[in-house]
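Novice: Fold the following.
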Amino acid sequence: MGIKKVKPTTPGRRQAVFDDFSDITKSKPEKSLVIIKKQRGGRNSSGKITVRHRGGGVKRYVRIVDFKRDKYDIPAKVTAIEYDPNRGARLALLTYADGEKRYIVAPLEVKVGQTIVSSLKNVDIKAGNSMPVKYIPAGVPVNCVELRPGQGAKIARGAGDLITVMGVEDKYAQLKMPSGEIRLISKDCLCTIGQVSNPDKRHIKIGMAGRQRKLGIRPTVRGTAMNPNDHPHGGGEGKQSIGMKHPKTKWGKPALGVKTRNKKNRSNKMIIKRRSKGRR
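Specialist: So this is what the prediction gives:
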């Protein structure tokens, strides 16, 4: 797991930083755990584009990942660490004692040949083990945390993510999120010990437009480069600044740093401290 630079034979390769894939132990996915990913080009079920700048890209399979970790008290051996084109983190292929195979998001310290377990009871504080938050000592990093018991992991699933357990009190556990936010969740929510794998992903630089197109990301045009009928920022003679009190989206809504969280969100009462300054 690391990054590498290559010989600067072109301007794009001079800027690019690549993943070296040194931690990958298996090149092809498990056939029983993949499905074909349909290309939607940013369109919803009605055919309307709801996410712009999507389309094309290399064909890929979706790996079926076990976010619930509901095979309790059955030891599983880590058979392989695999690459997943749909996420920055690595996947660990588990083979359970009864022969079943499942994928999980691989924690950083998990190695091939290691045995891990998921339980509703207190088990060893070892990377890859899964248990309720109420059994985790304060200061231990965790990932793939549920927001409601039995719902499946919802937070801290990205490359290099970790959540720090601050403590457990009454029915709730205090967690410090990757953003700096401190919030409460039920102490019965499952979590996985350790930091998510591939923390070096944040250092990777795409370098050139062709790599973005292979990822399925199409070009993005600046609003200031458009005409007034296409974007609120458009128009003017020559290069113009936005020229407004605040930036707007293409549809006239406030943009760039505007808080978008609903003030009446039911989970607001679970947030003890908002995320750090400069983030929303």
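Novice: per-domain residue ranges of this protein.
Specialist: Here the domain parsing of the chain from automatic domain parsing is 3-202, 230-280.
Novice: end to end, how far does stretch 181-189 reach?
Specialist: End-to-end distance for stretch 181-189: 18 Å, by Cα to Cα, to the nearest Å.
Novice: hang on, I meant stretch 109-122
Specialist: Stretch 109-122: ends 20 Å apart by Cα to Cα.
Novice: T25 contacts V78, correct?
Specialist: No. Applying Cβ atoms under 8 Å as the test, T25 and V78 come out as separate, 9.4 Å apart. Every C-beta, even on glycine, is put in place using the N, C-alpha and C of the backbone.
Novice: Need the residues touching each of these two.
Specialist: Residues touching both T25 and V78 by Cβ atoms under 8 Å, 6 or more residues apart in numbering: V112.
Novice: So which of those two has more stuff around it?
Specialist: Taking other Cβ atoms under 10 Å, T25 and V78 do not tie; V78 has more neighbours (20 against 15).
Novice: Which helix or strand contains the more buried one?
Specialist: Per DSSP states H and E, V78 falls inside strand 76-82.
Novice: and after that strand, which helix or strand comes next?
Specialist: Going down the chain from strand 76-82, the next helix or strand is strand 91-96, by DSSP H and E.
Novice: helices or strands next to that following strand in the packing?
Specialist: When contacts are defined as 3 or more Cβ pairs under 8 Å, 6 or more residues apart in numbering; DSSP states H and E, strand 91-96 packs onto strand 76-82, strand 101-105.
Novice: dump the residue contacts of the closest residue to G223 other than its chain neighbours.
Specialist: Computed as Cβ to Cβ, 6 or more residues apart in numbering, the closest residue to G223 that is not its neighbour in sequence is H233, at 3.5 Å. H233 sits next to R222, G223, T224, M226, I242, G243, M244, P247, K248 when contact means Cβ under 8 Å, 6+ apart.
Novice: Could I get the full set of helices for this structure?
Specialist: Taking DSSP state H as the criterion, the chain contains helices spanning 11-15, 209-214.
Novice: could you dump the shortest one to PDB, C-alpha only?
Specialist: Extracted as PDB, the C-alpha positions of helix 11-15 are listed here (Å, rounded to 0.1, in the frame of the first residue of the first chain):
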ATOM      1  CA  PRO A  11       2.900  16.700 -19.000                       C
ATOM      2  CA  GLY A  12       0.200  14.500 -17.700                       C
ATOM      3  CA  ARG A  13       2.500  11.800 -16.300                       C
ATOM      4  CA  ARG A  14       4.700  14.500 -14.800                       C
ATOM      5  CA  GLN A  15       1.800  15.600 -12.600                       C
END
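Novice: Any regions of the stretch 101-250 of the chain where pLDDT drops low?
Specialist: Within the stretch 101-250 of the chain, no stretch falls below the threshold (pLDDT under 70).
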